[in-house]
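Novice: model this:
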Amino acid sequence: MSIYVITHFVKKGETLEEIAALYDIPDVKMLFSFHHLHVPKDKNHLGKVLYEGQEIFIPNKEDIARMIAKRKERRQENVDRKFHKLRNRTFDFPCREISCSYLVTIHEKDSKNVYKQTLIVEHFNKNEDELHPLRIHQSEITCNDKLPSFSVEIMSSELNKSIFPLEIYVNKKGLVEKINQIYTLRKKWKQRKPDLQELFEGEIGGKLIEQVGYKICNSDILSDYLNSNILWALLLRGRMGNYEDGICKKYIKLLNELCIVKNVMLKNEDVNSKYYYISQEIRKKDNSNFQMNVKYKQDIEYGMLEEAEVDLHSATEIINITIKKTQI
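Specialist: Sure thing, here's the model as predicted:
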């Protein structure tokens, strides 16, 4: 056997790692595989412990190059197989008992101000109607890591406290279908409204308070508001849909306007990666001056969003938004 294959006789105390390094073999697994490919059946198998004088078959440079090429070929086959599966499937809203917290960072081009907010989503099991119960919450918005100082921002923060936390039900597409405990929400609003009216006097304050009250008093309107909100739309339903050859086209309502959405599955060459990526283009159907480009990073095992990078272009502004999971 040693006439055709390089052999190595183990010295006292030697390890497989040391032997692999001695012959420039990339890793122990390759040495292990090559040895067992050439060793006589049921004889001289390598175990965790080597013994002095044990004969080990060593690959030469050509053998190593061939095995590396074979590895790359198998890895590419695995990547292609996984990608084909992802390219042709339906992504439904993930059903997991899990809690996720996301840090949202918003920055307008040519502005020094950076706004931050935390969104929290608690997932529970499906109910009998095949809907997914969630508890959602959004924190106060900070500007340059400080609490808001302008009256409009303070008002927005106070009104936000009147709505969240909120218990909702979403369908398999990630659409909010109903609000839970709407009567409790109305009662909470009724108690807070007089204080808000006293705190924010004037026409603008009065209009905003009435608008929030109108949404809170109607479950359907509040659901529609959440579905049209950019952040919650991206977080709950941006990636969902039926993909054929890696493409999903659909219509969604965003900012109270009908939008055309095109999602494209992106190939990840790392076969061991726990994530996959989706690029998204959103345009308003009747407005060419509005466009959103999004790149999602999503967990393969649970189907949960890990990160999203958003570029929003309108006729008057360019805004960058990042949504990044901070904890589970």
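
Novice: pLDDT weak spots in the stretch 151-300 of the chain?
Specialist: Counting by pLDDT under 70, the stretch 151-300 of the chain contains low-confidence ranges at 151-153, 271, 287.

Novice: show me the helices in it, by range?
Specialist: Counting by DSSP state H, counting those that start in this stretch, the stretch 151-300 of the chain has helices at residues 151-163, 182-199, 203-216, 219-228, 230-237.

Novice: need the winner for burial among those helices.
Specialist: helix 230-237 (a mean of 21; mean count of other C-beta atoms under 10 Å). All C-beta spots, glycine's among them, are computed from the backbone N, C-alpha and C.

Novice: what's the angle between the longest strand that the chain contains and helix 230-237?
Specialist: Of all segments of type strand in the chain, defined using DSSP state E, the longest is strand 287-299. Using axes from the mean of the first three to the mean of the last three C-alpha atoms, to 10 degrees, the direction of strand 287-299 lies 50 degrees away from that of helix 230-237.

Novice: what does strand 287-299 contact?
Specialist: Strand 287-299 is contacted by residues 230, 234, 238-239, 257, 266, 274-284, 304-315 when judged by C-beta atoms under 8 Å, 6 or more residues apart in numbering.

Novice: what strands flank it, and is each parallel or antiparallel?
Specialist: Take DSSP bridges as the rule and strand 287-299 pairs in its sheet with strand 275-284 (antiparallel), strand 305-313 (antiparallel).

Novice: point out the one among these that comes closest to residue 202.
Specialist: Of all these, strand 305-313 sits nearest to residue 202, with 30.1 Å by C-beta to C-beta.

Novice: can you pull the buried residues of the closest one?
Specialist: Residues 305-306, 308, 310, 312 are the ones in strand 305-313 that count as buried (16 or more other C-beta atoms under 10 Å).

Novice: dump the helices of the stretch 151-300 of the chain into a markdown table; add distance to residue 294 as well.
Specialist: Formatted as a markdown table, the helices of the stretch 151-300 of the chain follow (distance: least, C-beta to C-beta, whole Å):
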| stretch | distance to residue 294 |
| --- | --- |
| helix 151-163 | 24 |
| helix 182-199 | 30 |
| helix 203-216 | 26 |
| helix 219-228 | 16 |
| helix 230-237 | 7 |
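
Novice: relative to residue 78, which of those helices is closest?
Specialist: Of the helices of the stretch 151-300 of the chain, nearest to residue 78 by C-beta to C-beta is helix 230-237, at 30.0 Å.

Novice: contact partners of that closest one?
Specialist: Helix 230-237 has contacts (C-beta under 8 Å, 6+ apart) with 93, 102, 104, 117, 119, 121, 136, 138, 170, 173-176, 226-227, 252, 254-255, 292, 294, 305, 308, 310, 312, 321, 323.

Novice: export it as PDB, just CAs?
Specialist: Output in PDB follows, covering the C-alpha atoms of helix 230-237 (Å, rounded to 0.1, in the frame of the first residue of the first chain):
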ATOM      1  CA  ILE A 230     -44.400  51.900   7.100                       C
ATOM      2  CA  LEU A 231     -42.500  50.500  10.100                       C
ATOM      3  CA  TRP A 232     -45.200  48.000  11.100                       C
ATOM      4  CA  ALA A 233     -45.800  47.000   7.500                       C
ATOM      5  CA  LEU A 234     -42.100  46.300   6.900                       C
ATOM      6  CA  LEU A 235     -41.800  44.400  10.200                       C
ATOM      7  CA  LEU A 236     -45.000  42.200   9.900                       C
ATOM      8  CA  ARG A 237     -45.700  41.600   6.300                       C
END
